[in-house]
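A.B. asks: Here is the input, now give the coordinates:
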Amino acid sequence: MFVITSADNDKLKTIRKLQQKRWRNKLGLFTAEGEDLVGPNPVFLLRAGENVEPDLLDAVSTLGSGTRVIGVYEQKWAEPEGDLLVYLHRVEDPGNVGAIIRSAHALADATVVLGPSCADPYSPKAVRASMGSIFTHPPARAMLDALDGHKIALDANAQAELRDVGVTRPVVLVLGSERGELPQGLQSVRIPVHADSLNVAMAASVALYEVANRMAADG
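C.D. replies: Below you'll find the predicted structure:
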């Protein structure tokens, strides 16, 4: 088996490029690192000690401790459809975006829809936070106005509580950054908490659990 022994190898160069958003957009590719995270059908896969020298793979890793495997994959985008969608409005932290994709998959089998100015879901940090859900439940892209359904915005300052609001299919949960403004004209609800607010990824998980269970009970 051919083993990569030079940092000038084209595959290593591609992995380095994909650490930058402009190259991810241009090539339509992304990377996933770690034995628990690599998914199916890679464009190519590099394993330390098998087809690449370990120190060379560590040198292109985005993990501080290095890695044993890096896969390169084609980006996939879903259609914004289904009985339950999660719309993200200017959520700029890639870790939050990835975590919400994971929660939407785990709790509701739902699709996350990214509005303008959201973090790149295919950045290394977002891919890690999704813990593999990015492969089976890729995100969608759309403007909020283009989505049909009962739009419910999570707002810590709202008067109504989520548990007291009726839910009509299809549902679009709208979440923004903790200090950002949400779109106007939506039904706003809050999740009652004892702290000032919840992290947006935590709030998404609570709301998904509540709404998915209620929808399941209604059949």
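
A.B. asks: helices or strands up against the one helix or strand residue 23 maps to?
C.D. replies: For residue 23, the host element (DSSP states H and E) is helix 21-27. In this structure, helix 21-27 makes packing contacts with helix 10-17, judged by 3 or more Cβ pairs under 8 Å, 6 or more residues apart in numbering; DSSP states H and E. All C-beta atoms are positioned from the backbone trio N, CA, C, and that covers glycine.

A.B. asks: And the helix it packs on, what's buried?
C.D. replies: Residues of helix 10-17 classed as buried by neighbour count (16 or more other Cβ atoms under 10 Å): 11-12, 14-15, 17.

A.B. asks: So what's the gap between the helix holding residue 23 and the chain middle?
C.D. replies: 17 Å (Cα atoms, centre = their mean, to the nearest Å).

A.B. asks: Can you name the residues in contact with that helix?
C.D. replies: 14, 17-18, 30, 75, 120, 122-123 (Cβ atoms under 8 Å, 6 or more residues apart in numbering).

A.B. asks: do that again at 6 Å, thanks
C.D. replies: Outside helix 21-27, the residues within contact range by Cβ atoms under 6 Å, 6 or more residues apart in numbering are 17-18, 30, 120, 122.

A.B. asks: so which of those comes closest to residue 162?
C.D. replies: Taking Cβ to Cβ as the measure, residue 162 lies nearest residue 120 of these, at 28.8 Å.

A.B. asks: burial measure for the closest one, as a count.
C.D. replies: 18 (other Cβ atoms under 10 Å).

A.B. asks: try the one 5 residues further on
C.D. replies: Residue neighbour count, defined by other Cβ under 10 Å, stands at 16 for residue 125.

A.B. asks: And for residue 216?
C.D. replies: 9.

A.B. asks: which stretch of helix or strand covers the spatially most central residue of the chain?
C.D. replies: Centroid-nearest residue in the chain, with Cα atoms, centre = their mean: residue 98, separated by 2.9 Å. According to DSSP H and E, residue 98 maps onto helix 94-108.

A.B. asks: Which other helices and strands does that helix contact?
C.D. replies: The contact analysis (3 or more Cβ pairs under 6 Å, 6 or more residues apart in numbering; DSSP states H and E) places helix 94-108 against strand 111-114, helix 124-130, helix 133-136, helix 200-218.

A.B. asks: How about the contacts made by residue 70?
C.D. replies: Per Cβ under 6 Å, 6+ apart, neighbours of residue 70: 15, 31, 33, 46.

A.B. asks: tilt between the helix or strand hosting it and helix 10-17?
C.D. replies: Using DSSP H and E, residue 70 maps to strand 69-74. Here strand 69-74 runs at an angle of 80 degrees relative to helix 10-17 (axes from the mean of the first three to the mean of the last three Cα atoms, to 10 degrees).
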